[in-house]
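Chemist: generate a structure from the sequence data that follows.
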Amino acid sequence: MTQAEIAYRETLEETQEQEQLILKELPQVYYIARRIYDRLPQHVPFEDLVHAGVIGLIEAIRSYDSKKSVPLRAFAKFRIRGAILDSLRELDWGSRPLRRQGRRIEEAIATLSTKLGRQPEEEEIAAQLDITIAELHETAVRLDGLVLIGQEVNSGYDRSEKQDLIETAPSREEGPDDLCFRQEIRDQLAQAIETLSEKEQMVISLYYKEELTMKEIAAVLQLAESRVSQIHALAIPKLRAALRKGAFDEKNAQPI
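Modeler: Just a heads-up that it's a prediction; the model follows:
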């Protein structure tokens, strides 16, 4: 057998092995796509999420390094979910007026948190914006459809760079700087979450860590699903305001 024939057979065997792995992990694509779909506005097609997830799975299989400490299933999960979220980020769901309203809410929260020394209550935010509680809830829930992932925070080394906590699977190749960077991101987010009320923290934890849907969270907390959506919708801009405040305080901190 010639070298060319050996190389062709090895390539063929590798392709067949990859196809088997893809088929084996395909149910995970549907599961992740369904979980994300249940947390999105109704106009997003489920099939589009599956398509993006399959692409992510294929890329994961092709790039997976078995020498790393991360199992294939876990590695594929990150890539599948990341590919789906990337496809969603390419969509522009919000009009300019709606986005302006979102910025106004965030600015009001930032102003009040600085003034009060704590996260503002819903009534205080509405009063600052000179709108009713119902109007605040309606706008916040509409804006919540634009928020695809709550784990996106500023990089510790470059405040203009965004780091997605989805991509935090450690590997043996990571050095001390990489591990320190990941820990800094987690610390930033943990500190921001601690500024929220107990109920807001619970919703954030159940939604992002436990990956429950709004309906499931409502059952756990014995609240109406619409109320859970309102809590989540206002917790996100509060988190962003807390993260920005933390970055500002760190930037302006004077050395001892």
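Chemist: I32 and G82 touch, don't they?
Modeler: No - contact criterion C-beta atoms under 8 Å: I32 and G82 do not qualify, at 10.1 Å. (Each C-beta comes from the backbone N, C-alpha and C, glycine too.)
Chemist: burial of P71, as a residue count?
Modeler: Around P71 there are 12 other residues, counting by other C-beta atoms under 10 Å.
Chemist: got phi/psi on it?
Modeler: Per-residue torsions, P71: phi -60, psi 150 (degrees, to the nearest 10).
Chemist: mind checking pLDDT for E19?
Modeler: Per-residue pLDDT puts E19 at 84.
Chemist: relative to I204, how far out is it?
Modeler: Between E19 and I204 the distance is 39 Å, computed by C-beta to C-beta, to the nearest Å.
Chemist: look at Y37 and say how many residues are nearby.
Modeler: Neighbours around Y37, by other C-beta under 10 Å: 19.
Chemist: now I36
Modeler: 22.
Chemist: name the residue in I32 and G82 with the higher neighbour count.
Modeler: I32 (22 against 19).
Chemist: give me the distance between that one and K238.
Modeler: I32 is 27 Å from K238, where distance means C-beta to C-beta.
Chemist: check the secondary structure at L223 for me.
Modeler: Under DSSP: H, G, I helix; E, B strand; the rest coil, the three-state class of L223 is coil.
Chemist: with only the CA atoms kept, save stretch 40-54 in PDB.
Modeler: What follows is stretch 40-54, C-alpha atoms only, in PDB (Å, rounded to 0.1, in the frame of the first residue of the first chain):
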ATOM      1  CA  LEU A  40     -36.300  33.800  23.800                       C
ATOM      2  CA  PRO A  41     -39.000  35.900  22.100                       C
ATOM      3  CA  GLN A  42     -41.500  33.700  20.100                       C
ATOM      4  CA  HIS A  43     -40.500  35.100  16.700                       C
ATOM      5  CA  VAL A  44     -37.100  33.300  16.800                       C
ATOM      6  CA  PRO A  45     -37.300  30.000  14.800                       C
ATOM      7  CA  PHE A  46     -36.200  26.900  16.700                       C
ATOM      8  CA  GLU A  47     -34.700  25.400  13.500                       C
ATOM      9  CA  ASP A  48     -32.300  28.300  13.200                       C
ATOM     10  CA  LEU A  49     -31.000  27.600  16.700                       C
ATOM     11  CA  VAL A  50     -30.500  23.900  15.800                       C
ATOM     12  CA  HIS A  51     -28.700  24.800  12.600                       C
ATOM     13  CA  ALA A  52     -26.300  27.100  14.500                       C
ATOM     14  CA  GLY A  53     -25.800  24.400  17.200                       C
ATOM     15  CA  VAL A  54     -24.900  21.700  14.600                       C
END
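Chemist: average pLDDT across that stretch?
Modeler: 83.
Chemist: low-confidence bits of the stretch 101-250 of the chain, can you list those?
Modeler: 145-183, 246-250 (pLDDT under 70).
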